[in-house]
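Colleague: could you work out the structure for the sequence below:
(one chain, ligands or ions: 1)
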Amino acid sequence: MERKVALVTGGTRGIGKEIALELANNNYDIILNYRNANDELQNLKKEIESKDVKCFLVYGDVSKFEDCENIVKQSIDEFSKIDVLVNNAGITRDGLIMRMKKEDFDSVISTNLTGTFNVTRCVIPYMIKQKSGRVINLSSVVGITGNAGQTNYAASKAGVIGFTKSLAKEVASRNILVNAIAPGFIETDMTNVLSDNVKESILNQIPLKRMGSPREVAKLVKFLASDDSKYITGQVINIDGGMVM
Ligand SMILES: NC(=O)c1ccc[n+]([C@@H]2O[C@H](COP(=O)([O-])OP(=O)(O)OC[C@H]3O[C@@H](n4cnc5c(N)ncnc54)[C@H](OP(=O)(O)O)[C@@H]3O)[C@@H](O)[C@H]2O)c1
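Modeller: Residues are numbered from 1 along each chain as shown. Next up is the predicted model:
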């Protein structure tokens with residue numbers, strides 16, 4: 001059977017890296033988008049290829065539309081199709097609104113929300129032509145609940161939810177399924193920067209009393225990419241140890 005192809009944005013570390021590895025474990029060829037190259041990236045490529053699938057590295061800043069056009073053009077030149085798009089690239093620039101700089105608001109929106117639009121806008125025409133596809137967007141539980149100190153991030157992740165539901169309605173007739181994942185508190189560089197006090201107060205709000213792992217999120221992505229989820233679209237699936245019910 002022809003192998004499926006998955007494009008993962010921001011796949012160099014954290015959740016994106018685990019998603020790329022998990023999909024490679026399940027026989028997907030991987031298009032790994034990166035913004036900063038380093039030795040680690042070549043090691044990751046080798047690790048993915050050791051699973052007998054292809055790994056195509058493609059540079060691009062998702063907040064720039066021209067970069068996204070290039071990411072998708074190069075991917076199509078290489079594989080002729082994209083079956084699964086995982087919009088994972090994301091950043092935080094936390095701060096209370098009284099102190100938040102406009103650049104911090106803008107950069108979070110343009111990476112997390114506009115970046116999701118940019119890549120999806122470039123990929124969807126190919127999915128429509130091939131009459132199938134999966135789009136999986138990384139949102140966050142704070143896009144549902146809000147969070148003091150994260151007006152920019154929560155707004156971007158709430159935006160991703162509205163984007164997901166609208167797109168799911170638009171493209172369902174073309175056999176393209178669109179869902180969002182809302183992680184809670186996952187152990188990555190993004191959460192490592194939080195102080196011990198903040199971490200402890202977050203852990204107190206989690207019924208399962210621990211942080212999640214990138215691997216656990218990657219398993220959910222694998223499910224949403226697979227045939228086992230073909231009657232699920234337009235949903236936001238929390239993965240948060242029960243933090244938000
Ligand atoms: N960790 C959590 O607790 C948590 C919770 C809820 C939601 N999420 C969401 O899950 C996703 C992954 O988070 P993470 O914790 O794995 O974050 P992370 O460890 O900080 O990794 C973020 C990845 O995104 C890439 N990236 C950032 N801006 C980019 C851009 N403009 N263009 C291309 N790539 C870009 C980074 O590349 P560089 O190496 O170049 O910076 C990096 O590979 C994000 O959307 C995040 O908002 C995370």
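Colleague: alpha carbons only for contacts and neighbour counts from here, please
Modeller: Noted.
Colleague: in space, not sequence, find me the middle residue of the chain.
Modeller: Asn88 (1.8 Å; CA atoms, centre = their mean).
Colleague: residues touching it, list them.
Modeller: For Asn88, the contacting residues are 8-11, 15-16, 137-138, by CA atoms under 8 Å, 6 or more residues apart in numbering.
Colleague: filter the residues you listed down to the ones near the ligand?
Modeller: 9-11, 15-16, 138 (CA under 6 Å from any ligand atom).
Colleague: can you tell if the lengthiest strand in the chain touches the ligand?
Modeller: Counting residues, the longest strand found in the chain (DSSP state E) is strand 176-183. Yes: Strand 176-183 lies within reach of the ligand by CA under 6 Å from any ligand atom, at Pro183.
Colleague: what lines up beside that strand in the sheet?
Modeller: strand 133-138 (parallel), strand 236-239 (parallel) (DSSP bridges).
Colleague: which of the ones you listed sits most buried?
Modeller: Mean neighbour count (mean count of other CA atoms under 10 Å) peaks for strand 133-138 among the strands paired with strand 176-183, with a mean of 26.
Colleague: in helices, which of the ones next to the ligand among the contacts of Asn88 fall?
Modeller: Assignment to helices by DSSP state H places the following of those there: 15-16.
Colleague: of the ones next to the ligand among the contacts of Asn88, which pair is most distant in space?
Modeller: With distances taken as CA to CA, the most widely separated pair in these is Gly11 and Leu138, at 12.4 Å.
Colleague: and the strands in this protein, which stretches?
Modeller: Taking DSSP E as the criterion, the chain carries its strands at 5-8, 29-34, 55-59, 84-87, 133-138, 176-183, 236-239.
Colleague: TSV for the ones you listed, including distance to Asp77 and mean pLDDT?
Modeller: Converted to TSV, the strands of the chain look like this (distance: least, CA to CA, whole Å; pLDDT from 0 to 100):
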stretch	distance to Asp77	mean pLDDT
strand 5-8	13	98
strand 29-34	12	98
strand 55-59	11	98
strand 84-87	16	99
strand 133-138	18	98
strand 176-183	21	98
strand 236-239	32	98
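Colleague: fine, thanks again, bye for now.
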